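**Q** got a sequence here, can you build the structure:
(2 chains)
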Amino acid sequence: MSSIVEAKKTEVKEAIEKALQAAQEAGQLSFQTLPAFVVEQPREKVFGDFAANVAMLLSKEAKMPPRRIAEIIVAHLPKEGPLFEKVEIAGPGFINFYLGKSWLEEVLPVVLREGDDYGKSDFGQGEKIQIEFVSANPTGLLHMGNARGAALGDTLSNVLQGAGYDVTKEFYINDAGNQIENFGRSLEARYFQLLGHDVPFPGEGYHGQDVIETVQKIIAEVGDKYLTVDEDLRREFLIQKALEEKLTNIKNDLARFGVEYDVWFSEQSLHDSGAIARTIQELQERELVYEKEGALWLKTTAFGDEKDEVLVRSNGIPTYFAADIAYHCNKFERGFSKVINIWGADHHGHVARMKGAMQALGYDPDALHVILMQLVRLFRQGEIVRMSKRSGQYITLSELIDEVGKDAARFFFVMRGADSHLDFDLDLAKAESSENPVYYVQYAHARVCSILKASVDEVPSYEQVDFSLLKEEAELDLIRKIADLPDEIVQAAVSYEPHHLTRYAHELASLFHSFYNSCRVLVDDVELRKARLALIEATRITLRNVLRLLGVSAPERM
RNA sequence: GUGCCCGUAGCUCAGCUGGAUAGAGUGUUUGACUACGAAUCAAAAGGCCGCAGGUUCGAAUCCUGCCGGGCACGCCA
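**A** Sure thing, here's the model as predicted:
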């Protein structure tokens, strides 16, 4: 539960702060406030283990060129401390710190000791975060957009948990409102049609084949006895049965995808409990609601929206927007300090409105964070796979898992940032070759396992290993990357960008493959062999932990 | 028309709150298996970071204006 990299950065930073103070007291440097400088790992290894940009930031206030300031700071740093092997000034005024390799010897024991927990931290301090994703209409099957949302949301949840947050994953079931009425009419029409009655199908209805299948199942169970009952009763029954079946399907598909929710939240329950009515009343009390043409409107223009939005239609039914406001209030009432939503980019117009509504009701709009994800395009043999939801012609999550497998699907969806359009190459995802990044990472894991199996002796416990024997460039690079995991997870968590993790996984695998090709593990030298076994065991642990966060399996054989 | 997102190597994309010579993968070219898995590795080539201004010690990153692509502008969700 500790990050060595973070600890070292802090040590460097404190040393610089002391040097700054000393320089100021000596009258060599004058400034009012300490600038918010950073200590970071430079892009290039030649620039040392850590670098500070403090001199550049101070240049203006201290009225001195950055390199001159850097010289003064360096002069006040501890000369021969255990911390710095070498300190250099480079480029426009960076101070580069070379720590030598002794600090790297601290890394592997931590990994071996923490095992499955390596990479976790208490950064989030148990802060309560709620995350809502997929929330697909229970009137159909899950499509590619839902699949991307599922992979993104679930991975982000894992990452947040890994960074020490208390995460609740939630699926909002749209089981009320207009589209359910519409769904009911579609079900009813199919019910009549399948029982030999020639009735018209509603133009705006749900045309998909899956709806027909759902009704077939219902008929198999109850037969034709709902032909003659009252229309309201019939529709209510069909809706209830169909929603049950659809929801079970959705749950099963998501479970196959490795996604389990903590809460399934029903929209209908907000109607039933009066939560929506209460929310509308509260908005009314704040004089943000007015009546026009028989409908109730919310003054969203007061929060910069282009036009006001309807809360309650002239037919008396609250809109989705009204229900969603009530739902979000409910989230905050449950004590979450942060609420994350993952929406398709086509809902972006909804973001400002929802934040505005939260502000109107006295909540902090910034506590609501919406991740918008761009659309997914499927490619097969270089051609776009055309899909149309209206006609029911689209590839479902279930079919995707059948075709490319859970591992590839999840990895591919998380590989790109949410706001970039995702081109999903089905052939690449299926390819069992090096072009496929999933296999590349998994292969690294399988390779480690294979060596461990071939080894006659067990992985030594970390107390029995002399880690100073690891001094090849490839070994040190690999250790450095392993040491990064806790920070990578925190980075991905605070930025809500899980795609950093697929990148990290690939880099780690790459450094391992390099190491494998330049160093032999099972050498005759007993002590070196032990050290290298410990290194690859730590690599295995790190790879497996990352893959677990991604929801991708870590096979021992491929 | 208005608003939001995107524009980086042939292709698909990274690039963290502004930092050093803009990075991966893939594709192309060339090498490496009598050694723990060649589903691997090493090396080369490949860029006006859409265009033009501005902010400053410093811009792919921030601001403005254009150009090009996507999306949204319902008493749908």
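**Q** number of nearby residues for the residue in chain A that RNA strand B sits nearest to?
**A** Per C-beta to the nearest atom of the strand, A:S434 is where chain A lies closest to RNA strand B, at 2.2 Å. In this view, the C-beta of every residue, glycine as well, is placed from N, C-alpha and C. Number of residues near A:S434 (other C-beta atoms under 10 Å) recorded here: 9.
**Q** give me the phi and psi for it.
**A** For A:S434, the backbone dihedrals (degrees, to the nearest 10) come out as phi -70, psi -20.
**Q** tell me the contacts of it?
**A** Shown in contact with A:S434 (C-beta atoms under 8 Å, 6 or more residues apart in numbering): A:Y440.
**Q** same thing but at 10 Å, please
**A** A:440, A:443 (C-beta atoms under 10 Å, 6 or more residues apart in numbering).
**Q** check A:F467 too.
**A** Counting by C-beta under 10 Å, 6+ apart, A:F467 has contacts A:101-102, A:104-109, A:475, A:479, A:530-531, A:534-535.
**Q** for A:I212, pull up the helix or strand it's in.
**A** Element membership for A:I212, per DSSP states H and E: helix A:209-222.
**Q** dump that helix to CSV, restricted to CA.
**A** Provided in CSV are the C-alpha atoms of helix A:209-222 (Å, rounded to 0.1, in the frame of the first residue of the first chain):
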residue,chain,number,x,y,z
GLN,A,209,-36.4,-9.5,-33.9
ASP,A,210,-35.6,-9.8,-30.2
VAL,A,211,-39.0,-8.3,-29.2
ILE,A,212,-40.7,-11.0,-31.3
GLU,A,213,-38.7,-13.7,-29.5
THR,A,214,-39.6,-12.2,-26.1
VAL,A,215,-43.3,-12.3,-27.0
GLN,A,216,-42.9,-15.9,-28.2
LYS,A,217,-41.5,-16.9,-24.8
ILE,A,218,-44.4,-15.2,-23.1
ILE,A,219,-46.9,-17.0,-25.3
ALA,A,220,-45.2,-20.3,-24.6
GLU,A,221,-45.8,-19.6,-20.9
VAL,A,222,-49.3,-18.1,-20.8
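**Q** for A:N341, helix, strand, or coil?
**A** Each residue gets one of three states, and A:N341 gets strand by DSSP: H, G, I helix; E, B strand; the rest coil.
**Q** give me phi/psi at A:I395?
**A** phi -80, psi 130.
**Q** name the helix or strand for the residue most central in space within chain A, please.
**A** Central residue of chain A (C-alpha atoms, centre = their mean): A:L156, 2.3 Å from the mean position. Element membership for A:L156 (DSSP H and E) is helix A:144-162.
**Q** only alpha carbons, please: show that helix as PDB.
**A** Only the C-alpha atoms of helix A:144-162 are listed here, as PDB (Å, rounded to 0.1, in the frame of the first residue of the first chain):
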ATOM      1  CA  MET A 144     -21.600  -1.500 -29.100                       C
ATOM      2  CA  GLY A 145     -22.100   1.800 -27.400                       C
ATOM      3  CA  ASN A 146     -23.300   0.000 -24.300                       C
ATOM      4  CA  ALA A 147     -20.400  -2.400 -24.500                       C
ATOM      5  CA  ARG A 148     -17.900   0.400 -24.600                       C
ATOM      6  CA  GLY A 149     -19.600   2.100 -21.600                       C
ATOM      7  CA  ALA A 150     -19.600  -1.200 -19.700                       C
ATOM      8  CA  ALA A 151     -15.800  -1.700 -20.300                       C
ATOM      9  CA  LEU A 152     -15.000   1.800 -19.500                       C
ATOM     10  CA  GLY A 153     -17.200   2.100 -16.400                       C
ATOM     11  CA  ASP A 154     -16.200  -1.200 -14.900                       C
ATOM     12  CA  THR A 155     -12.500  -0.600 -15.500                       C
ATOM     13  CA  LEU A 156     -12.800   3.000 -14.100                       C
ATOM     14  CA  SER A 157     -14.500   1.500 -11.000                       C
ATOM     15  CA  ASN A 158     -11.700  -1.000 -10.500                       C
ATOM     16  CA  VAL A 159      -9.200   1.800 -10.900                       C
ATOM     17  CA  LEU A 160     -10.900   4.000  -8.400                       C
ATOM     18  CA  GLN A 161     -11.200   1.200  -5.900                       C
ATOM     19  CA  GLY A 162      -7.500   0.500  -6.400                       C
END
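**Q** next SSE after it?
**A** From helix A:144-162, the next helix or strand downstream (DSSP H and E) is strand A:166-173.
**Q** that next one packs against which elements?
**A** Judged by 3 or more C-beta pairs under 10 Å, 6 or more residues apart in numbering; DSSP states H and E, strand A:166-173 is in contact with strand A:128-132, helix A:144-162, helix A:231-256, strand A:263-266, helix A:267-272, helix A:320-333, strand A:338-344.
**Q** most tightly packed of the ones you listed?
**A** Most buried of the helices and strands packed on strand A:166-173, by mean neighbour count (mean count of other C-beta atoms under 10 Å): helix A:144-162, with a mean of 25.
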